[in-house]
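Peer 1: Quick one, structure for this:
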Amino acid sequence: MIETTITDQEFALFQRLIYKIAGISLSDAKKILLVGRLTRRLKVYDLGNFSQYYRMLSSGEHPEELQTMVDLLTTNETYFFREPKHFDFLRDEIIAKRNSPATFRLWSAASSSGEEAYSLAMTLAEALPGTPWEIVGSDISTQVLGKAVAGHYSLARTEGIPAGYMRKYCLKGVRSNDGTFLIAADLRKKTSFCQINLMHPVEADIGEFEVIFLRNVMIYFDPETKARVVHNLLPRLKKGGYLIIGHSETLNGITDRVDCIRPTIYRKP
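Peer 2: Residues are numbered from 1 along each chain as shown. I've put the predicted structure just below:
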């Protein structure tokens, strides 16, 4: 019989584990969420309690299950054109004042299931019609990255997408795909995704970027982890490039290597 409750001691073990792997500080209020998301994994392995599941994860014999746990505990809600003022700034300030024929490169560093990256792709497609551009999206969760690569979403998630963009860049499904839409192939070709753990220096060959979006992920980090993540990202930001964070986030006291030009928008000197 599976024990579907978790003791304070067991929960503390998972708190330390997810912090070590992903830098996420799970508050005590997240205990119910953890139980809800991980109980099914106990059933998969016919384990009786969370202590047994933790020991299995810690043994190193099931790295794929460790990734599954990370996927389940790090997946956060996202949607298209979230915090729209950032997209306005990208279009009206960064791109409008740019004077270069070179490829414009942007990194969506916590892209989740791809809504942010494709919102950025639509913005760039409109604002840079004669200039090449590329977007890289990354996340620690392989589960959400699979959804992002597919670029296939429910029509219920279209809120926030401007009507003109919807007509131009989103293909409504028919027959068996009724009720869904697919991001246009041209945008998907210019938008790539890869797994990156922001807790570690970026070893992936992703190059440098003029803009990095790092939004609504640092709210889950303590100050030490925030500083580490920003330190790992900044080598990938070009001189004069922009780092954009979420509206509920700040880099005050975290780093002095970028200048705040307006709340949530920073520039590398």
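Peer 1: low-confidence ranges in the protein?
Peer 2: 1-3 (pLDDT under 70).
Peer 1: So which residues of it form helices?
Peer 2: 8-22, 31-44, 50-58, 63-74, 85-89, 115-127, 142-150, 163-169, 185-189, 223-233 (DSSP state H).
Peer 1: Which positions within the fifth one qualify as buried?
Peer 2: In other words, helix 85-89. Neighbour-count burial for helix 85-89, counted by 16 or more other CB atoms under 10 Å, picks out His86, Phe87, Phe89. For the C-beta atoms, the positions are set from N, CA and C on the backbone; glycine is no exception.
Peer 1: how about JSON lines for the residues you listed, with distance to Ala150 added?
Peer 2: Putting the buried residues of helix 85-89 into JSON lines (distance: CB to CB, whole Å) gives the following:
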{"residue": "His86", "distance to Ala150": "25"}
{"residue": "Phe87", "distance to Ala150": "23"}
{"residue": "Phe89", "distance to Ala150": "29"}
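Peer 1: thinking again about what came up before, of the helices of the chain, give the one that comes closest to Ile265.
Peer 2: Closest to Ile265 of these is helix 85-89 (CB to CB; 6.4 Å).
Peer 1: Give me the contact list for the closest one.
Peer 2: Here helix 85-89 makes contact (CB atoms under 8 Å, 6 or more residues apart in numbering) with Phe81, Ser119, Leu120, Thr123, Phe213, Arg215, Ile244, Thr264, Ile265.
Peer 1: still on that earlier bit, and the helices of the chain, which is most packed in?
Peer 2: helix 115-127 (a mean of 23; mean count of other CB atoms under 10 Å).
Peer 1: Summarise which helices and strands that one is packed against.
Peer 2: Contacts defined by 3 or more CB pairs under 8 Å, 6 or more residues apart in numbering; DSSP states H and E place helix 115-127 against helix 85-89, strand 104-108, strand 133-139, helix 163-169, helix 185-189, strand 191-195.
Peer 1: how big is the angle separating that helix from strand 104-108?
Peer 2: Helix 115-127 and strand 104-108 meet at an angle of 160 degrees, taking axes from the mean of the first three to the mean of the last three CA atoms, to 10 degrees as the criterion.
Peer 1: Give me the contacts around helix 115-127.
Peer 2: 78-82, 87, 90-91, 95-96, 104, 106, 108, 110-111, 133, 135, 137, 148, 151, 153, 157, 160-161, 165, 169, 183, 186-187, 190-191, 193, 213, 215.
Peer 1: Narrow those residues to those that are buried.
Peer 2: Here, 16+ other CB under 10 Å leaves 78-82, 87, 90, 95, 104, 106, 108, 110-111, 133, 135, 137, 148, 151, 153, 161, 165, 169, 183, 187, 191, 193, 213, 215 buried among the contacts of helix 115-127.
Peer 1: Which among the helices and strands packed on helix 115-127 is found nearest to Arg228?
Peer 2: strand 133-139 (16.1 Å).
Peer 1: What pairs with the closest one, parallel or antiparallel?
Peer 2: Sheet pairing of strand 133-139 (DSSP bridges) gives strand 104-108 (parallel), strand 191-195 (parallel).
Peer 1: Which residue is the nearest non-sequential neighbour of Asn216?
Peer 2: Gly246 (3.9 Å; CB to CB, 6 or more residues apart in numbering).
Peer 1: so who does Val254 touch?
Peer 2: I think there's a mix-up here, since residue 254 is Ile and not Val. By CB under 8 Å, 6+ apart, the contact set of Ile254 is Pro223, Lys226, Ala227, Val230.
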